[in-house]
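J.: got a sequence here, can you model it:
(2 chains)
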Amino acid sequence: MQKAVLTGERFTQGDIAAAEGALAAGCRFFAGYPITPATEIAERMAYRLPRIGGRYIQMEDEIASCTAVVGASYAGVKSMTATSGPGVSLMNETIGLAVMTETPMVLVNVMRGGPSTGQPTEASQSDIMQAKWGSHGDYEIIALIPSSVQEMFDLTIQAFNLSERFRVPAFVLADEIIGHMRERLVIPPEDEIEIVNRKKPTVPPEEYLPFKAEEDLVPPMATFGEGYHFYATGLTHDERGYPVMDEEAQLALVPRLCDKIRKNADKITRAENTETEDAEILLVAYGGEARTALRAVKDARANGIKIGLFRPISVWPFPKEQLKEAAANAQHVVVAELNYGQLVGEVERVIRNEVPVHLIPRVCGTPHTPDELMKEIRRRIN
Amino acid sequence: MARTEIRLGGLGGQGVIKSAVIIGEAASIHDGKEAVQTASYGPESRGSACKAEVIISDAPIDYPLVLTPHVMVALSNDAFHKYKEDLSKEAIVIIDSDLVKAGKIKAGVRLYQVPAATTAHQVLKNPLVTNVVMLGAFTAISKAVTPEAMRKAIANAFPKYKELNLRAFDEGMQLGHKAMEQSTTKK
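T.: I've put the predicted structure just below:
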């Protein structure tokens, strides 16, 4: 048997780091279908899981993969899949099922250019809105965006923790740049890694109501086969889990599914500020593009320009309060993203016409260079 | 230098990406510096020109891609001519003189010629280690990584063929020193 947590330093790829993060978080089931640029995650899980007592299944497609992950999670095992945008398009039906049945699970989407099969081997951040709105109905979801190989590891663990804590699917939204590049990854000792597990019922089986939430709006989750009888369905259901088609049932369920994330947003949202305190220009960038932005900020600061970087680490829920604070002194807010304008809408909702919000989109498959980005910023603010 | 940008070019299958990973591991894990490695990714990874890049720095690396390479290592003629355009002034260029014809190069560029393929074939009796011979020459000439760090990274990369690859590295180091004596700077 191999160790689940490979404590130590190694020079490795972002995709591999995500797989190792999942294992360190306690993931013991992976179902997936290979797709560029996420295939290395499946390869790593296929190699590692059988050697640490877990299970890996390559399914016939992404629909089956995501459904298998829901089933494995209900069997009590931390479970995940990894794919890219086209795979998420197929998984969206089951992501909705996971939301409705409050299934903890992690999906890594290493984003590539779309629509459709798009640009398989190129970098993109064009699935930001797909992660939020891909499935139908009112719901909230969690999505974290890594900006380094180390964060591929760290945020995959956090995605598992948040997913378990709030019983909701959590995305790690990586891009091809971060997924495929290699950097130093430091894996801490196992006992230093914070792990959160789903709440289990504290009542005897005959009293258990599988969808009765506690104060934090999250219901404890029994494992199939532990003696707790319950039913889970995609239909609107009551606290017993049985389909109920009346107004009260929908009213009791759907707002709670949203509010367990919205009202706990302060426990989920995260962001990083660089030189934002006196920033007159606030640059907003995330994932691979944030690395360009960081360099542009350093170069511009060296030339006396008061610019700072706000990097959302959670995009869903969006770190509204943190953005407001970072933009306190800004006269311009500039959003640089590797798509044709997605997260800029959320930024505008927070900034509310108080200062101009400018978009620097890029859809060609590579990030801006720092000089290109600075030139685009100058063009917009002058 | 605070940030050293290194580009390796060759044909898919020559071990170009593997070489870049070895350099990155040597720098970041064994020399205690920061390093980022990236590679061209796509159908070109088998048989046609491909490149892999490494950035080494004393400080954390923000922008992870190479802008103007300070060092270029070329294992194939196609890759050399395809990827040489944006070299920095005074760049170090190390070519496998058995496989690459340098032709005209930018003024200021320092060119080093290393017979890596012949050495791998005739001295080491295994053409597969050509890239590791080049890694030896790269280490001697660029001094971007220490030989000790490279030896550790090579040993980790080829556990079953450690001896052969370490010998290839040592041969490459010697060829690198020899190439430095004969090098010319293009005026």
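
J.: and the helices in the chain?
T.: All of this is about chain A. Listed in chain order, the helices of chain A (DSSP state H) span A:14-25, A:39-48, A:62-74, A:85-100, A:128-133, A:149-166, A:176-180, A:247-262, A:265-268, A:287-302, A:320-326, A:343-351, A:370-381.

J.: that's the wrong chain, I meant chain B
T.: Along chain B, counting by DSSP H, helices occupy B:16-25, B:77-83, B:116-118, B:130-142, B:147-157, B:162-182.

J.: of the ones you listed, which approaches chain A most closely?
T.: Chain A sits nearest to helix B:16-25 of all these, at 3.9 Å, using Cβ to the nearest Cβ. From N, CA and C alone the C-beta is placed, and that goes for glycine too.

J.: mind giving me the packing neighbours of that closest one?
T.: Judged by 3 or more Cβ pairs under 8 Å, 6 or more residues apart in numbering or on different chains; DSSP states H and E, the packing partners of helix B:16-25 are strand A:8-13, strand A:182-187, strand B:3-11, strand B:34-39, strand B:49-57, helix B:130-142, helix B:147-157.

J.: re the thing from before, so which of the helices of chain B is the most packed in?
T.: Among these, helix B:130-142 has the highest mean neighbour count (mean count of other Cβ atoms under 10 Å in any protein chain shown), at a mean of 27.

J.: ok, A:T117 - contacts?
T.: A:P86 (Cβ atoms under 8 Å, 6 or more residues apart in numbering or on different chains).

J.: ok, now B:L67?
T.: The neighbours of B:L67, taking Cβ under 8 Å, 6+ apart as the test, are A:T369, B:E5, B:D86.

J.: which of these sits closest to A:E325?
T.: Closest approach to A:E325 among the contacts of B:L67 (Cβ to Cβ): A:T369, at 29.5 Å.

J.: thought the closest one was touching A:T292?
T.: Yes - applying Cβ atoms under 8 Å as the test, A:T369 and A:T292 come out as touching, 6.8 Å apart.

J.: list residues touching both of these two?
T.: B:Y63.

J.: those two: which is more packed in?
T.: Between A:T369 and A:T292, counted using other Cβ atoms under 10 Å in any protein chain shown, A:T292 has the larger neighbour count: 28 against 15.

J.: surely the more buried one is in contact with A:A336?
T.: Yes - A:T292 sits in contact with A:A336 when judged by Cβ under 8 Å, with a separation of 7.4 Å.

J.: need the overlap of contacts for the two.
T.: In contact with both A:T292 and A:A336: A:A285, A:H368, A:L373, using Cβ under 8 Å, 6+ apart.

J.: neighbours around the residue lying closest to A:G8 once chain neighbours are set aside, how many?
T.: Closest residue to A:G8 apart from its sequence neighbours, by Cβ to Cβ, 6 or more residues apart in numbering or on different chains: A:I187 at 6.0 Å. Using other Cβ under 10 Å, A:I187 has 21 other residues around it.

J.: same question for B:D86.
T.: B:D86: 14 neighbours (other Cβ under 10 Å).

J.: give the closest residue to it in space, chain neighbours not counted.
T.: B:T68 (5.6 Å).

J.: can you pull the contacts of that neighbour?
T.: Each residue near B:T68 by Cβ under 8 Å, 6+ apart is listed here: B:E5, B:D86, B:L87, B:S88, B:A91.

J.: do you know how far it is from A:P86?
T.: Counting by Cβ to Cβ, to the nearest Å, the separation of B:T68 from A:P86 is 35 Å.

J.: up against chain A, what does chain B have?
T.: Within chain B, the positions near chain A by Cβ under 8 Å from any Cβ of the partner chain are B:21, B:24-25, B:28-29, B:34-39, B:41-42, B:61-65, B:67.

J.: what subset of those is buried?
T.: By neighbour count, with 16 or more other Cβ atoms under 10 Å in any protein chain shown, these hold B:21, B:24-25, B:28-29, B:34-39, B:41, B:61-65 as buried.

J.: rank the helices of chain B by pLDDT, which is bottom?
T.: Across those, helix B:77-83 has the smallest mean pLDDT, namely a mean of 93.

J.: what helices or strands is it leaning on?
T.: On a contact count with 3+ Cβ pairs under 8 Å, 6+ apart, helix B:77-83 meets strand B:3-11, strand B:49-57, strand B:71-74.

J.: neighbouring strands for the last one, and are they parallel or not?
T.: Translated: strand B:71-74. Strand B:71-74 pairs in its sheet with strand B:3-11 (parallel), strand B:92-96 (parallel), by DSSP bridges.

J.: on that earlier part again, turn the helices of chain A into TSV, columns for distance to B:I141 and mean pLDDT.
T.: Below are these laid out as TSV (distance: least, Cβ to Cβ, whole Å; pLDDT from 0 to 100):
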stretch	distance to B:I141	mean pLDDT
helix A:14-25	31	98
helix A:39-48	32	98
helix A:62-74	48	98
helix A:85-100	43	98
helix A:128-133	45	98
helix A:149-166	29	98
helix A:176-180	28	96
helix A:247-262	56	98
helix A:265-268	51	98
helix A:287-302	28	97
helix A:320-326	46	98
helix A:343-351	45	98
helix A:370-381	29	96
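
J.: can I get the ones you listed in a markdown table with distance to A:V110?
T.: A markdown table is the format used below for these (distance: least, Cβ to Cβ, whole Å):
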| stretch | distance to A:V110 |
| --- | --- |
| helix A:14-25 | 7 |
| helix A:39-48 | 7 |
| helix A:62-74 | 13 |
| helix A:85-100 | 9 |
| helix A:128-133 | 12 |
| helix A:149-166 | 9 |
| helix A:176-180 | 4 |
| helix A:247-262 | 24 |
| helix A:265-268 | 22 |
| helix A:287-302 | 10 |
| helix A:320-326 | 25 |
| helix A:343-351 | 18 |
| helix A:370-381 | 23 |
